[in-house]
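Undergrad: Coordinates for the following, if possible.
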Amino acid sequence: MPPPRLQGLPPVAGPWTRLLVLGSFPSRASLQAQQYYAHPRNQFWPLLSALFEMDLVALPYADRLAAVCERGLGIWDVYAACEREGSLDAAITDARPNDLRGLVAGLPQLRAIAHNGGESARLMRLTAGLVPDSYRLPSTSPANASWSFARKLEVWREVFARHALI
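TA: The predicted model follows:
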C-alpha cells in the first residue's frame, strides 16, 4: 500500500512580506495541528523568539502569525502535496511544488527567500529568479541535531538583519 497523499498548509504572507521562509513540507504534528512547525522539538518558533526578542512560543498560534507578519516575515513550504510515511524529508515521494511564482507575484515588498533546510533548498532553482536574494538556512527540524541552537541562530540572524526584520 502506498504512503498517504498529504496536503500542505496555506501560506502565511501579505503585501508587507519582505522575507519568505520556505520549509519542505509540514511534519505529521504540524498537519495534525494545522500549524507551521508544531512539533515541540522543532526550533523554528524558539529561533524566531530569540530573533524578535519576544516569547512567540507562549503566544496562541494566531498571535504568533500576526507577530511575524507585522515584522515582514512570510512562511510557506516548497511542496503543496506529497506522499510520506512519518515526518522525515527523506521519506517524501511524489511531491508537487507549491505555486511559488504565484505567491511571489502578490508580494510587492518581497526581497528574499530563505530555505529552511536541505530539502527545501533543493528547489532553489525554482526560487532563485523570483527574488533578488535566496538563502539556505540550517534546518530547524529536530533531525538536524548536528547544529547547535546558537549556531543556527547566528546564521538566521544574519539573514534576518540583512533584510531589516530585526
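Undergrad: Can you give the distance from the least confident helix or strand in the chain by mean pLDDT to the centre of its chain?
TA: Ranked by mean pLDDT, DSSP states H and E, the weakest helix or strand in the chain is helix 124-127, scoring a mean of 90. The chain centre lies 15 Å from the centre of helix 124-127; the measure is CA atoms, centre = their mean, to the nearest Å.
Undergrad: Which positions within it qualify as buried?
TA: Judged by neighbour count using 16 or more other CB atoms under 10 Å, the buried positions of helix 124-127 are Leu126, Thr127. Heads up, the C-betas are built off the backbone N, CA and C, glycines and all.
Undergrad: which residues are in contact with that helix?
TA: Contacts with helix 124-127, where a contact means CB atoms under 8 Å, 6 or more residues apart in numbering, come from Leu22, Val78, Pro97, Leu100, Ile113, His115, Ser134, Arg136.
Undergrad: ok, the first one - contacts?
TA: If a contact means CB under 8 Å, 6+ apart, then Leu22 has Trp76, Asp77, Val78, Leu100, Ile113, Ala114, His115, Asn116, Ser120, Leu123, Thr127 as its contacts.
Undergrad: For the protein, which segments are assigned as strands?
TA: Under the criterion DSSP state E, strands of the chain are mapped to 5-7, 19-23, 73-77, 79-83, 93-97, 112-116, 133-137.
Undergrad: quick one: contacts of the fourth one?
TA: Same thing as strand 79-83. Residues from elsewhere that reach strand 79-83, judged by CB under 8 Å, 6+ apart: 2-8, 24-25, 92-99.
Undergrad: again, only this time at 7 Å
TA: Under the criterion CB atoms under 7 Å, 6 or more residues apart in numbering, residues 2-8, 24-25, 92-98 lie in contact with strand 79-83.
Undergrad: Val21: what's its closest spatial neighbour, skipping adjacent residues?
TA: Once its chain neighbours are removed from consideration, Val21 has its nearest residue in Ala114; the separation is 5.0 Å (CB to CB, 6 or more residues apart in numbering).
Undergrad: Next one, pLDDT for the one you found please.
TA: Ala114 carries a pLDDT score of 98 in this model.
Undergrad: now it: how far from Pro26?
TA: Relative to Pro26, Ala114 is positioned 17 Å away (CB to CB, to the nearest Å).
Undergrad: do the same with Thr93
TA: Following CB to CB, the distance that separates Thr93 from Pro26 is 16 Å.
Undergrad: who has more neighbours, those two?
TA: Using other CB atoms under 10 Å as the criterion, Thr93 and Pro26 rank with Pro26 on top: 23 against 11.
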